[in-house]
Structure formats: C-alpha cells, structure tokens
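[1] Return atomic coordinates for the entry below.
(one chain, ligands or ions: 3)
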Amino acid sequence: MALLTPDDLRDINKQLQEADSIVRRVTGLDIKGICKTLYGTSPNSEKIGIVPVTAGNGIIKNFSASLHAITQYFGFDSFVTDMSDVSGYYEAVRSGADIILMADDHTFLAHNLKNGKIANNQPSTGIIYAEIASRNQKTDSKDVLVVGLGKVGFPGAVHLVHKGFRVYGYDTDKTLLKRAVSSLGIIPFDIESPKRFSTIFEATPCANTIPETLLSENCVLSTPGIPCAISEELRLKYNVQLVMEPLGIGTASMLYSVL
Ligand SMILES: NC(=O)C1=CN([C@@H]2O[C@H](COP(=O)(O)OP(=O)(O)OC[C@H]3O[C@@H](n4cnc5c(N)ncnc54)[C@H](O)[C@@H]3O)[C@@H](O)[C@H]2O)C=CC1
Ligand SMILES: N[C@@H](CCCCNC(=O)[C@H]1CCC=N1)C(=O)O
Ligand SMILES: [Mg+2]
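    Ligands and ions are numbered 1, 2, ... in the order given. Model (predicted):
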C-alpha cells in the first residue's frame, strides 16, 4: 500500500486550488461540478467527523488536518476528533457526524451514517481521475491510454469503457493486464509503440511511466499516482495539462458518492 507522507500533503490548500483551476481549464467544470455530474448529488449541510487511526504505520502527520482543510474547501461542516480509533469513532458519532472519514493503511473510507452508503478511496479516486480525463475539451478523439491497472487504475478503466472510450491499457504486471483485457475488452498497449495520445490516465506508484513517445502537444495527463508519471521537463516540453493532487480530488469523489 503506497502511503502518503507529510511532505506529499504540504500546502494542501494551494495544491487543491491549483488542481481545481487545471480541471476547470481542461474540462470546463470545477471539481465540485465533476462530482455533481458523476454522482448526481449535492451537499446538504452534512457534518463530517474525521477520525485519526493509529493502526499499522500509524498516524500520518497532517493527514487528518489535510482532510479537515479539504472538506472545508468543498463547503462541508467538518471536525477532527480529539480521540483516535474506537474512542474517536464514538466521539464523532456523539458529536453529530453524518459522515465518518477514516483510514488505516489499507482502506480509506467515507461512511454516511444517515443513508448507509459507504465509499472506498481507491475506486473513488480512479473513477474521478478517469472522468476528468474523459472530459478533455481539447480533443474529440475517443482514444485514451490507461497506465496502471491496480486498485485505482482498474476502476478508472472500467469507467472509461462504460463511457464508450477506446481504452488502451498497460501494466507491467502481465496478469493484471490480461485480467483487464479479458474482463473489459480493453486493448493491450505495447508501451514501446510510438502512438501519441491526447488523453492519458495513469495510476502507478512509479515515476517516468509515460515515455515521451506517447505525449502530444497540450495532452491531458490525469494522474493520482505518486510520484508523478512524467518529469517536469517533459511536462513543460509538451505543455502537458497535468491533473495531479495527493488527496483532495479523491476525497471529494468519495464524499459525493455517499451523499
Ligand atoms: N492522489 C490521490 O488521491 C490518491 C493517490 N493514490 C496513489 O495512486 C497510486 C496507485 O495506487 P493503487 O492503485 O492503490 O496501487 P496498486 O499497487 O494497486 O496499482 C498500481 C499498479 O501500477 C502498476 N505499475 C507499477 N509500475 C508500473 C509501470 N512502470 N508501468 C505500468 N504499470 C506499472 C502495478 O503493476 C500495479 O498494477 C499510488 O501511488 C497511490 O499512492 C492512491 C489513492 C488516492
Ligand atoms: N491512519 C492514518 C492515515 C493512513 C492513510 C494511509 N492511506 C493513504 O496514504 C492513501 C490515502 C490516499 C492516498 N493514499 C491516520 O489516520 O493519520
Ligand atoms: Mg486526489
């Protein structure tokens, strides 16, 4: 499980604002607008209880504080409990939380206590970054490259297939690539072949996973992956419209999916 570091979360408000303006430029909608069209839901003053969890590798410095900032950025009423774990959960419910946000090293969930809906950060993140990629206004091509078909990438690929895109998929793990080809009918992509894409969705924990041969001028790279899939040099050279943010976009997707 690739865990966030406190450094990934530095200046989370600035990172979120910058990502929001790129999402607006690429899709014509802001992150809230993407969530509304994706799930058909709107906030109705739900109260969010953020519960720190000490399991496994333990508390990640700034993780709860970042969720507090992110939930407020999207207009929710939210609080971080004083206690952690079970006591924190109890405190959140007793303090009137409608939605619980909490994460151990394997699962980051949003649970709406009022309607019973529950969301997992991995599929929620894949779906919203794929949706952003699918709304690339600068192209009318239906071709999209998906690199990384794991817990985040595979649900994103499913979403793109459902939206009628021609999905080219690649993963270094041949078993995962085969699973995606047989279950989704995506096109297995040879990363060495020089096909240029206007729209790329990447979800891997590795750097430099997108070779220069696949980039086109002004192409959209929508990626929750940490570290970034391309170098700063390549981003500038091709004016890549990079949609990348460490926690907030995926969290917004989780929240709107349980409203
Ligand atoms: N920004 C955000 O909001 C979030 C970011 N993440 C990040 O997204 C990334 C993916 O997370 P998961 O899907 O849970 O991981 P995962 O391990 O389930 O999937 C990653 C996939 O990438 C593949 N891969 C690794 N190197 C590759 C390469 N060079 N070329 C092609 N494929 C390659 C692996 O074989 C694997 O199938 C991680 O870096 C994680 O930290 C996860 C959740 C939210
Ligand atoms: N238990 C810790 C939080 C652990 C979160 C681990 N999960 C990740 O880092 C995922 C979430 C989005 C990207 N990676 C705490 O409560 O401080
Ligand atoms: Mg995110």
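[2] What ranges does the chain have for its helices?
    12-27, 31-39, 63-73, 85-94, 121-134, 153-162, 174-184, 232-237, 248-257 (DSSP state H).
[3] In PDB, list the C-alpha atoms belonging to the shortest one.
    Taking C-alpha atoms only, helix 232-237 is exported to PDB below (Å, rounded to 0.1, in the frame of the first residue of the first chain):
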ATOM      1  CA  GLU A 232       8.800  18.400 -15.100                       C
ATOM      2  CA  GLU A 233      11.000  18.700 -18.200                       C
ATOM      3  CA  LEU A 234       8.600  16.700 -20.300                       C
ATOM      4  CA  ARG A 235       5.600  18.500 -18.800                       C
ATOM      5  CA  LEU A 236       7.000  21.800 -20.000                       C
ATOM      6  CA  LYS A 237       8.200  20.500 -23.300                       C
END
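[4] Check which residues of it are buried.
    Leu234, Arg235 (16 or more other Cβ atoms under 10 Å). For the C-beta atoms, the positions are set from N, CA and C on the backbone; glycine is no exception.
[5] I'd like to know which of the helices of the chain lies nearest to Met102.
    Met102 lies closest to helix 85-94 among the helices of the chain, at 7.3 Å (Cβ to Cβ).
[6] can I get the CA coordinates of that closest one in PDB?
    Listed next in PDB are the C-alpha coordinates belonging to helix 85-94 (Å, rounded to 0.1, in the frame of the first residue of the first chain):
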ATOM      1  CA  ASP A  85      -9.500   4.800  16.800                       C
ATOM      2  CA  VAL A  86     -12.600   3.400  18.600                       C
ATOM      3  CA  SER A  87     -12.800   6.300  21.100                       C
ATOM      4  CA  GLY A  88     -12.600   8.800  18.200                       C
ATOM      5  CA  TYR A  89     -15.300   7.000  16.300                       C
ATOM      6  CA  TYR A  90     -17.600   7.200  19.400                       C
ATOM      7  CA  GLU A  91     -16.700  10.800  19.800                       C
ATOM      8  CA  ALA A  92     -17.500  11.600  16.100                       C
ATOM      9  CA  VAL A  93     -21.000   9.900  16.300                       C
ATOM     10  CA  ARG A  94     -21.800  11.500  19.700                       C
END
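[7] coming back round to it: out of the helices of the chain, nearest to ligand 1?
    Taking Cβ to the nearest ligand atom, helix 248-257 is the member of those nearest to ligand 1, at 3.2 Å.
[8] send the alpha carbons of the closest one over as CSV?
    Extracted in CSV, the C-alpha atoms of helix 248-257 (Å, rounded to 0.1, in the frame of the first residue of the first chain):
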residue,chain,number,x,y,z
GLY,A,248,-8.4,16.1,-2.1
ILE,A,249,-9.9,15.2,-5.5
GLY,A,250,-10.2,11.5,-4.5
THR,A,251,-11.8,12.5,-1.2
ALA,A,252,-14.3,14.8,-2.9
SER,A,253,-15.3,11.8,-5.1
MET,A,254,-15.8,9.6,-2.0
LEU,A,255,-18.0,12.2,-0.3
TYR,A,256,-20.2,13.0,-3.3
SER,A,257,-20.7,9.3,-3.9
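[9] before we move on, the earlier item: right, so of the helices of the chain, which gets closest to Asn112?
    Ranked by Cβ to Cβ, the member of the helices of the chain that lies closest to Asn112 is helix 248-257, at 8.9 Å.
[10] and the closest one with helix 12-27, angle?
    80 degrees (axes from the mean of the first three to the mean of the last three Cα atoms, to 10 degrees).
[11] Tell me which residues touch Gly75, please.
    Neighbouring residues of Gly75 by Cβ atoms under 8 Å, 6 or more residues apart in numbering: Lys32, Pro43.
[12] at 10 Å what do you get?
    Shown in contact with Gly75 (Cβ atoms under 10 Å, 6 or more residues apart in numbering): Lys32, Pro43, Ser45.
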